[in-house]
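Asker: Requesting a structural model of the entry that follows:
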Amino acid sequence: MYERLTTYVAGEWQDPETRCEVFNPADKSVVGSVGYGTAKDAVQAVDAAALAFSDWSRTAARFRADLLRDAAGLLTDRVDFISSLLAKESGKRLPEARGEVRFAAEYLRWFSDLARLNRGETIPNEEAERRHLTLRRPSGVALSLTPWNFPVSIQARKLAAALAAGCTVVARPSEKAPLAAVELVRCLADAGLPAGTVNLVHGPAGQLVEAMLAHPAVRVVSFTGSTEVGRRVMALASRHVVRPLLELGGDAAFIVFDDADLDAAVEGALVAKFRNAGQSCIAANRFLVQEGVYEAFVARMVEHVNAMTVGDGTSDPVPDLSPLIDNERVGAVNGLVEEAQAAGAKQVTRGFDLPPVGSYAAPALLVNVPSHVGLARQEIFGPVAGVWPFVSEVDAVVNANDTEMGLAAYAYTSSAERLFRLGENLAAGIIGFNCALPSVAFAPMGGVKQSGLGREGGREGLEEFSDLHYVAVGGAT
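Answerer: Sure, this is the predicted structure:
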């Protein structure tokens, strides 16, 4: 049972009297609890961040970089404990949990390097007596609002960038999986970050976010979650012209062409669809397969899915699929399958005997899925998907782009010319060509259309937390 203090404000670990229990999706056991605060508590956290901002924003970049690197080392040293906690609270397979914690450490390392490179530029002058230059300055207090599906790596991506830029932060993780995020903040605190630089609160999302976004010190809000909630966050941010950094829902197409390495395509499809039991914004949502390899692709996918095991992600041997986050998510995924079947779709994978206790959903592939049903139009966030044939490259692009979302897309082909065409024509912020795991700390991640605004990771992720100032100097010689 996790029994540590979970709220961190102004350099002090504390807990409100109200508690919110955290459950293991695998067996519904209680993993621990967090102190559930109020809007007043959240405002106090912003006050602490605002007070700390003046000093932190003026610290040497080398100092900020060293602290982030030290925190990365602590996170790496504690990987076994934190990944075990993460697997229990989120239902994640233990190897995936361990990989996520290590990925979070990579974000801390990456932004520790960038902290020393957040620079402006000198602009060539056109008049001898004048000079022109740009400067970057930290924006202010940043809010970090994160989901339950990758609660450590997404939180690390936001916190590291904001802190490296010189911002102070208030983090609010999802109540469904907050405990490993608490340990991430503990690593930052133990690394020696000054009091108030990073703060952590828990509580009703709507109340806390509205109260914090009304605070005049808040200048950036970084949110990862559904498009519906992202729109509400953006509306609240607009009241005080707070910069929104939004990574929202996805509806990724996974395109397989006739000339693809079919073994690689199938292997990539399994990763892109079933990693984290399909609970990923960049998960493959729709498989679009060219007619020449359609039947072979479906047959191989069915063979692999039918061989999958489903169970507790911390068990030995580790199953192929672990539970979903809760029964509500299971109901939503099963509902998409049932709706598609009622409309004429055919499930081509077998049924599964699932564990009697826990939030489990069976993996499934469906064909002949009508284009109007949810399985073809909505973000699935679970281990099921439809497969559709297509004739030409033009058809593939049209079908892939036929969604309001634009976060990720995938394509497998041996044609270099096609890769360039697809890169120019697929309406997605993240594209994996012959690659099912495009996420890296050193590249910008984000979506287009209704999948969000701004970029995280890469150099661009640092710039989101700073303001660009233009300076014109007269009388120069």
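Asker: Next, work out how far apart the residue positioned nearest the centre of the chain and G461 are.
Answerer: Central residue of the chain (CA atoms, centre = their mean): I154, 4.8 Å from the mean position. Separation of I154 from G461 (CB to CB, to the nearest Å): 12 Å. For glycine as for every other residue, the C-beta is placed from the backbone atoms N, C-alpha and C.
Asker: picking that back up, the residue nearest to the centre of the chain: helix or strand, and which one exactly?
Answerer: Under the criterion of DSSP states H and E, I154 resides in helix 153-165.
Asker: helices or strands next to that helix in the packing?
Answerer: Contacts defined by 3 or more CB pairs under 8 Å, 6 or more residues apart in numbering; DSSP states H and E place helix 153-165 against helix 61-77, helix 94-114, strand 141-145, strand 168-172, helix 179-190, strand 218-224, helix 458-463.
Asker: Pull the distance from the following helix or strand past the fifth one to the chain's centre.
Answerer: So the one you mean is helix 179-190. Downstream of helix 179-190, the first helix or strand assigned by DSSP H and E is strand 198-200. Taking CA atoms, centre = their mean, to the nearest Å, one finds strand 198-200 lying 19 Å from the centre of the chain it belongs to.
Asker: List the contacts of strand 198-200.
Answerer: Applying CB atoms under 8 Å, 6 or more residues apart in numbering, the contact partners of strand 198-200 are 6-10, 45-46, 48-49, 159, 163, 168-173, 181-182, 185, 188-189.
Asker: With stretch 175-182 instead?
Answerer: 2, 4, 6, 8, 20, 22, 31-32, 34, 36, 82-83, 85-86, 89-90, 101, 146, 148-149, 151-152, 155, 171, 173, 200, 202, 205, 325-326.
Asker: again, only this time at 6 Å
Answerer: Residues outside stretch 175-182 that contact it (CB atoms under 6 Å, 6 or more residues apart in numbering) are 2, 6, 20, 22, 32, 34, 82, 85-86, 89-90, 148, 151-152, 155, 173, 202, 325.
Asker: same question, stretch 244-251
Answerer: By CB under 6 Å, 6+ apart, the surrounding residues in contact with stretch 244-251 are 221-224, 226-227, 230, 234, 237, 281-282, 285, 379, 403, 405, 407-408, 446, 451-454, 464.
Asker: Restricted to strands, list the residues you listed.
Answerer: 221-224, 285, 408, 452-453 (DSSP state E).
Asker: need those in TSV with distance to G374 and pLDDT, can you?
Answerer: Converted to TSV, the ones in strands among the contacts of stretch 244-251 look like this (distance: CB to CB, whole Å; pLDDT from 0 to 100):
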residue	distance to G374	pLDDT
V221	29	98
S222	29	98
F223	24	98
T224	22	98
N285	11	97
A408	19	98
G452	21	97
L453	25	97
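Asker: Please identify which two of those residues are farthest apart in space.
Answerer: The most widely separated members of these, counting by CB to CB, are V221 and N285 (26.6 Å).
Asker: Neighbour count: those two, which is higher?
Answerer: N285 (30 against 23; other CB atoms under 10 Å).
Asker: so what pLDDT did the residue lying closest to E100 once chain neighbours are set aside get?
Answerer: Excluding the flanking residues, the one nearest E100 by CB to CB, 6 or more residues apart in numbering is S153, at 4.9 Å. Predicted confidence (pLDDT) for S153: 98.
Asker: what does N334 give?
Answerer: pLDDT recorded at N334 is 98.
Asker: got it, and the one 3 residues further on?
Answerer: V337 carries a pLDDT score of 98 in this model.
Asker: Pull the number of nearby residues for it.
Answerer: Considering only other CB under 10 Å, V337 is surrounded by 22 other residues.
Asker: for the record, mean pLDDT for the helix or strand encompassing K273?
Answerer: Secondary structure assignment for K273, by DSSP H and E: helix 262-274. Helix 262-274 carries an average pLDDT of 98.
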